[in-house]
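A.B. asks: Kindly return the folded structure for what I paste below:
(one chain, ligands or ions: 1)
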Amino acid sequence: MLDLIQRAAKDLARAKNVVALTGAGISVESGIPPFRGKGGVWEKFDPMEYASIEAFMADPVKVWNVLIREMKEIIDRARPNDGHMGLARLAQMGMLKTIITQNVDGLHQLAGGAEVIEFHGNFAWHRCLDCGEKRRTGEIDLAVIPPRCRCGGIYRPEVIFFGEMIPSYCLMRSKQVSSQCDAMLVVGTSATVQPAAYMPVIAKRNGATIIEINTEPSPLTREISDYLLRGGAGEVMNAIVAELEEIRRQ
Ligand code: APR
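C.D. replies: Model prediction:
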């Protein structure tokens, strides 16, 4: 693995425009379970029954009680881990410009450094279905489920449910940065949900080096990634940053 760490550090040091695509795996070490694989949320709940916009509109109480309340408690406690901090360090070193994240936990913003594109929205805000009023999630009173706005409308999280469109700005900006980068770090994603999983394909097609960090291979590993650094995001990012700081000292 050390030679791959050294290879990744050299590829990143040589790159002029690095973009990262992250998924739930980068937040696992912050106590937020992934959706798929070991301990995955979708191993317990059917996403179409709890995470689609149809399911929410049909039975907001069920979705609030089973999925959203639990997500709120987990995300409220979560803090950035070495994976998020490692990407922030790359940004401080001027080696990473943009993070396209599928995560809604806001941990990249807390870690700071790069532009963050929230491909699937975020959990930090809720919006009234009737009047559109937005409230910070922390201000939502969960004593009554589903929580309601002053106008009587139901609050929904500003996440993108299955069956909803990716916000056009996010999609356009993600395609733009993916087509312009010369290296892409793909961290902690099963690369199974489109169109997010297509961003590395766009980058690859434009000649970028695709560096994957994951505890398991993904559908990208054989076809798209130049190589897979197999391990936890925190531990691998620590090793890459240490190697880059060594290169800069020389
Ligand atoms: N470090 C790195 N990778 C990890 C770690 C870790 N500590 N733990 C798990 N992983 C990897 C898993 O091997 C898996 O490939 O992270 C990936 C998590 O995959 P998913 O749970 O499918 O998460 P993600 O790819 O972000 O899902 C995409 O699906 O349900 C929707 O909207 C949801 O944004 C989500 C989208």
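A.B. asks: ranges for the helices of this protein?
C.D. replies: 2-14, 41-44, 47-50, 53-58, 60-63, 69-77, 82-92, 107-111, 168-180, 199-205, 219-223, 233-249 (DSSP state H).
A.B. asks: Show me which residues of the protein are close to the ligand?
C.D. replies: 23-25, 28-29, 34-37, 40, 47, 102, 120, 188-190, 192-193, 213-216, 218, 232-233 (Cβ under 6 Å from any ligand atom). Every residue, glycine included, has its C-beta placed from N, CA and C.
A.B. asks: what helices or strands is the lowest-mean-pLDDT helix or strand in the chain leaning on?
C.D. replies: The weakest-scoring helix or strand in the chain, judged by mean pLDDT, DSSP states H and E, is helix 69-77 (a mean of 91). Counting contacts by 3 or more Cβ pairs under 8 Å, 6 or more residues apart in numbering; DSSP states H and E, helix 69-77 packs against strand 121-128.
A.B. asks: How far away from the center of its chain is the strand it packs on?
C.D. replies: Its chain's C-alpha centre and that of strand 121-128 lie 15 Å apart, by Cα atoms, centre = their mean, to the nearest Å.
A.B. asks: angle of it against helix 168-180?
C.D. replies: 170 degrees (axes from the mean of the first three to the mean of the last three Cα atoms, to 10 degrees).
A.B. asks: For strand 121-128, give the mean pLDDT please.
C.D. replies: Mean pLDDT, taken over the full extent of strand 121-128, equals 95.
A.B. asks: Just checking: what are the partner strands of it?
C.D. replies: The strands that strand 121-128 pairs with in its sheet are strand 134-136 (antiparallel), strand 155-159 (antiparallel) (by DSSP bridges).
A.B. asks: Show me what counts as buried in the first one.
C.D. replies: Meaning strand 134-136. Arg135 (16 or more other Cβ atoms under 10 Å).
A.B. asks: Tell me, how many residues neighbour whichever residue of the chain sits closest to the ligand?
C.D. replies: The chain approaches the ligand most closely through Gly25 (2.2 Å), counting by Cβ to the nearest ligand atom. Using other Cβ atoms under 10 Å as the criterion, Gly25 is surrounded by 25 other residues.
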